[in-house]
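Novice: Predicted coordinates and the sequence they were generated for:
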Amino acid sequence: MLSKRRQTILAAVVEIYLREGRPVPSRMLAERDEPGWSPSSIRSELAALEDEGLLTHPHTSAGRIPTDAGYRFYVEQLLSRDSRTVAATDPASEVHAKREVYEAIRETTEALARFNDLVALVTAPPIETATVHRVEVLRLRPRVVTVVVIASNGEVTKRVFTFPEEVDPGLVSWAGSYLNERLTGIGVGARMLAGRLADPDLGRAEREFVAEIESTFTDLGSTAQERLYVDGTDRLLESVSDEMVGAAGIVGALERRMDLLETLRTALERDSVYAWIGEENPAPELRSVSVVGANYGLGYRNLGAVGVIGPVRMDYPKAIASVQSAADDLSRFFETVYEG
């Protein structure tokens, strides 16, 4: 365990390096108004931190820069306290509740990228986590009926059916009311969904009509794909430097969205903000950068993830605070969507 002074010196090196972008010399630390920080004691502490693998230096006469392990220690200290007070602005405040789900997620992604000047990622909840929110049954033409199912996560499924004979408008109106009564609130992937369609008290005409459109509900969600929203890739390319020699690989990873989804999904069991720094990243293409992420969802389950990707030398306090804020905002939004 590092001493309090050693932790303070390490944090000072990281923060100066994040701000200045060049190795931090001992004299810069000696200028800080800290008791007991003489030039000789600072040099001794820097050497000790380097021995512990938390700092390194480009060449003999240069100052120190953080290693991935140094960033990790610094980030752990940030994560151990409520870092949401660090950010002066809530990037997700631009997102208004009650908007369509995907519009809210898209706006969150754009705001997070703009606020941090980094690549932002947000995964939308998979369809199987949703419930049936509303069913619409409409007669388009005398023999043509469309069935629209709106899930609680905003996913819309539409099927069109052509009948051999003209369909009674009263039957269509009845079907809309019946299906909403029987299916609203039932999980999209629940086995009971098909069973809820049957009722032994139905007349022949009603039973046959429901059987004809049943595939709308039994196939619900089978072709839906989990979505990943990305914004700020141009910012990544503009910030390419010696620290970002793997930018081409990162862009490739962003193009393979399903791989990124799988990477983010591995952290869905986490309850707080997490960070993967450099070589810690599960995806090899991301091992030249850092990822800061957080999960959002309901009190009893996580639905998706919010995150930013940027250089290892990123503004971690700002990234952690804004990612947590965005995740909290989406959690509140989905509480109204799924349970409101």
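Specialist: Nice, thanks for sending it over. Residues are numbered from 1 along each chain as shown.
Novice: Helices of this structure, start to end?
Specialist: Counting by DSSP state H, the chain has helices at residues 4-20, 26-30, 39-51, 68-79, 101-116, 169-183, 192-197, 204-213, 215-218, 233-238, 247-255, 257-265, 316-339.
Novice: Got the domain ranges for the chain?
Specialist: Taking automatic domain parsing as the criterion, the chain consists of the domains 4-66, 83-125+226-339, 128-218.
Novice: any idea which of these scores lowest on pLDDT?
Specialist: Of all these, domain 83-125+226-339 carries the lowest average pLDDT, namely a mean of 77.
Novice: returning to what we had before: let me have the helices of the chain in CSV, adding mean neighbour count as columns.
Specialist: (C-beta placed from N, C-alpha, C; glycine too.) Compiled in CSV, the helices of the chain are given as follows (neighbours: other C-beta atoms under 10 Å):
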stretch, mean neighbour count
helix 4-20, 18
helix 26-30, 17
helix 39-51, 16
helix 68-79, 19
helix 101-116, 21
helix 169-183, 16
helix 192-197, 14
helix 204-213, 15
helix 215-218, 17
helix 233-238, 14
helix 247-255, 16
helix 257-265, 17
helix 316-339, 22
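Novice: Can you lay out those helices as TSV showing distance to Leu303?
Specialist: Converted to TSV, the helices of the chain look like this (distance: least, C-beta to C-beta, whole Å):
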stretch	distance to Leu303
helix 4-20	32
helix 26-30	44
helix 39-51	40
helix 68-79	21
helix 101-116	10
helix 169-183	21
helix 192-197	20
helix 204-213	29
helix 215-218	22
helix 233-238	24
helix 247-255	22
helix 257-265	11
helix 316-339	6
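Novice: do you know which of the domains of the chain lies nearest Glu76?
Specialist: domain 83-125+226-339 (8.5 Å; C-beta to C-beta).
Novice: Burial check on Glu285, number of neighbours?
Specialist: Number of residues near Glu285 (other C-beta atoms under 10 Å) recorded here: 20.
Novice: Then Ser290?
Specialist: Using other C-beta under 10 Å, Ser290 has 26 other residues around it.
Novice: same deal with the one 10 residues further on?
Specialist: A count of nearby residues for Tyr300, using other C-beta under 10 Å, gives 5.
Novice: now Ala151
Specialist: So Ala151, with other C-beta under 10 Å, has 25 neighbours.
Novice: does it really touch Pro126, like I thought?
Specialist: No. At 10.6 Å, Ala151 does not count as touching Pro126 under the criterion of C-beta atoms under 8 Å.
Novice: So which of the domains of the chain is nearest Phe73?
Specialist: domain 4-66 (6.0 Å).
Novice: and the gap between Leu202 and Arg143?
Specialist: Separation of Leu202 from Arg143 (C-beta to C-beta, to the nearest Å): 22 Å.
Novice: Make CSV from the domains of the chain and add distance to Gln77 to it.
Specialist: As requested, the domains of the chain are exported to CSV (distance: least, C-beta to C-beta, whole Å):
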stretch, distance to Gln77
domain 4-66, 7
domain 83-125+226-339, 10
domain 128-218, 34
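Novice: Identify whichever of those lies nearest to Val75.
Specialist: domain 83-125+226-339 (4.8 Å).
Novice: and the closest one, how far from the chain's centre?
Specialist: In terms of C-alpha atoms, centre = their mean, to the nearest Å, the centre of domain 83-125+226-339 is set 5 Å apart from its chain centre.
Novice: cool, and stretch 44-58?
Specialist: 35 Å.
Novice: contacting residues around Ser26?
Specialist: 39, 42-43, 46, 63 (C-beta atoms under 8 Å, 6 or more residues apart in numbering).
Novice: typo on my end, it should be Leu138
Specialist: 145-148, 172.
Novice: please redo it, this time with the cut-off set to 6 Å
Specialist: Thr146 (C-beta atoms under 6 Å, 6 or more residues apart in numbering).
Novice: For beta bridges, what are the partners of it?
Specialist: Thr146 (DSSP bridges).
Novice: How much space separates it from Lys158?
Specialist: In terms of C-beta to C-beta, Leu138 sits 10 Å off from Lys158.
Novice: cool, and Gly304?
Specialist: 24 Å.
Novice: So between those two, which is more surrounded?
Specialist: Shown here are Gly304 and Lys158; by other C-beta under 10 Å, Gly304 has more neighbours (27 against 12).
Novice: Look up how far Pro282 lies from the residue nearest to that one when sequence neighbours are not counted.
Specialist: Excluding the flanking residues, the one nearest Gly304 by C-beta to C-beta, 6 or more residues apart in numbering is Thr123, at 4.1 Å. According to C-beta to C-beta, Thr123 and Pro282 sit 15 Å apart.
Novice: repeat for Arg139
Specialist: In terms of C-beta to C-beta, Arg139 sits 51 Å off from Pro282.
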